[in-house]
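Student: generate coordinates for the sequence data below:
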Amino acid sequence: MAKDLFSTQSDLYAKYRPTYPKELYDHILSFVKEKNTAWDCATGNGQAAVVLADHFKKVVATDISSAQIDKAVIKENIEYLVCPAESNPFTDNTFDLVTVAQAYH
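Tutor: Numbering: from 1, shown residues only. Model prediction:
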């Protein structure tokens, strides 16, 4: 099972985590034909999920840290779940896009 390395500093993470440029999202979204459901894996406080929610009908955002999820930005079409990436409740072909914001770097 994955180790939760972000709960103890979730306040600082939310405050100091850099945002990503619009051009990066535009590039990623250019590859997506359907924009029904996206999964933002390891969402942290939901920074990428919030942007994705402007483009998808529904965003599911997961993180191993309940403290991070507690700090997440709430939006009507975002569902936050606490679970590790490797042990999730999703079936194949559920999402039009799967993203991990940390990989944006």
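
Student: count the neighbours of residue 79 for me.
Tutor: 14 (other C-beta atoms under 10 Å). Every residue, glycine included, has its C-beta placed from N, CA and C.

Student: ok, the one 5 residues further on next?
Tutor: Other residues within reach of residue 84, judged by other C-beta under 10 Å, total 15.

Student: that one contacts residue 66, doesn't it?
Tutor: No: the pair residue 84 / residue 66 is not scored as a contact, 11.9 Å apart, by C-beta atoms under 8 Å.

Student: so where is the chain shaky, pLDDT-wise?
Tutor: Within the chain, the stretches with pLDDT under 70 are 1-18, 104-105.

Student: residue 59 should be in a strand, yeah?
Tutor: Yes: judged by DSSP: H, G, I helix; E, B strand; the rest coil, residue 59 forms part of a strand.

Student: name whatever forms a beta bridge with it.
Tutor: On the basis of DSSP bridges, residue 59 is bridged to residue 38, residue 78.

Student: check residue 82 too.
Tutor: Listed by DSSP bridges, the beta-bridge partners for residue 82 are residue 63.
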